[in-house]
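A.B. asks: heads up, no residue letters with this:
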DNA sequence: CAGTAATTTCAATGATTCATGAGTAGTTGA
DNA sequence: TCAACTACTCATGAATCATTGAAATTACTG
């Protein structure tokens, strides 16, 4: 991950809506979610959703695949990991005090997303996207 | 690290100049660097520097302490770690594929910064702040 | 106290970003 | 082909952000 790409990715992530998008899509793994369902889950207009999805995809943080009428979006874990790794290892020189943030228990392997079930909880402190 | 603080920190980091600042200050540990020397190292005007330093400090990523005429800036490793940890653990649900970015060799403990010696190299690919 | 140095604050300007609503394009099935 | 559905693009205006230079603030020095 070079400097320019990392900066683009950070700019993409520095927005509440786009953070919400990643958080929502992450548990759905490589199945992802269609745009319509994402918009429904986060309550945003189609054009606004499209704008933010495109920003994340262009930044290398999301991938999309077309499937009949729908476009499914998934998180690009390489892009996300690369961005975080850039902050951690390049920008912070892999400083041990900073790296302590990695020492949390990993989640068990995510289960394959069921197509219809909505995401159970949006945020730990679910105060809505505002 | 709550959602609002993480977002503020990400917005602060989503800028080339401020990424440069963190990268420059990190190896200087708790000694830090005075603003004047930072401005010299990165070649920026005083007011511009002050603006970006303030943004980082307000976001909880930098700390400052006054020492006679100078203001020394240091990286707040808790803030940096908290921000990265938020991305990794909250936003990405500690997904193993993403967490792989942490699996790099840690640097040896940084040495205490000497007061006068300039930072040896700004970036791995030192193309300047532009 | 006058002069100098280190930083910050302020106002003005130009650039960028974001939300909105309307319009467009591709897909599906009757 | 037509209507319904899904998603994207575009133009607009409001809001925010970044840079600059000047002025103000605080702290040393002679």
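C.D. replies: That came in fine, so what should we check first? Keep in mind the model is a prediction, meaning the values are calculated, not measured.
A.B. asks: quick one, strands of chain A?
C.D. replies: Here chain A has its strands, by DSSP state E, at A:33-34, A:62-67, A:70-75.
A.B. asks: okay if I get those strands as TSV plus distance to residue B:6, mean pLDDT and mean neighbour count?
C.D. replies: The C-beta positions use only the backbone N, C-alpha and C, and glycine is treated the same way. Shown next, in TSV, are the strands of chain A (distance: least, CB to CB, whole Å; pLDDT from 0 to 100; neighbours: other CB atoms under 10 Å in any protein chain shown):
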stretch	distance to residue B:6	mean pLDDT	mean neighbour count
strand A:33-34	23	98	21
strand A:62-67	19	96	15
strand A:70-75	17	98	20
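A.B. asks: just the buried residues of stretch A:50-59, please?
C.D. replies: A:52, A:53, A:55, A:56, A:57, A:59 (16 or more other CB atoms under 10 Å in any protein chain shown).
A.B. asks: OK, contacts around the nearest residue to the fourth one once chain neighbours are set aside?
C.D. replies: The spatially closest residue to residue A:56, leaving aside those adjacent along the chain, is residue A:62, at 4.2 Å (CB to CB, 6 or more residues apart in numbering or on different chains). If you count contacts by CB atoms under 8 Å, 6 or more residues apart in numbering or on different chains, residue A:62 has them with A:21, A:22, A:25, A:53, A:56, A:73, A:74, A:75, A:76, A:79.
A.B. asks: in helices only, show me these.
C.D. replies: A:21, A:22, A:25, A:53, A:56, A:79 (DSSP state H).
A.B. asks: ok, and which of those residues reach DNA strand D?
C.D. replies: When contact is defined as CB under 7 Å from any atom of the strand, the ones in helices among the contacts of residue A:62 meet DNA strand D at residue A:53.
A.B. asks: which one of the ones in helices among the contacts of residue A:62 is nearest residue B:92?
C.D. replies: For the ones in helices among the contacts of residue A:62, the minimum distance to residue B:92 (CB to CB) is 7.0 Å, reached by residue A:22.
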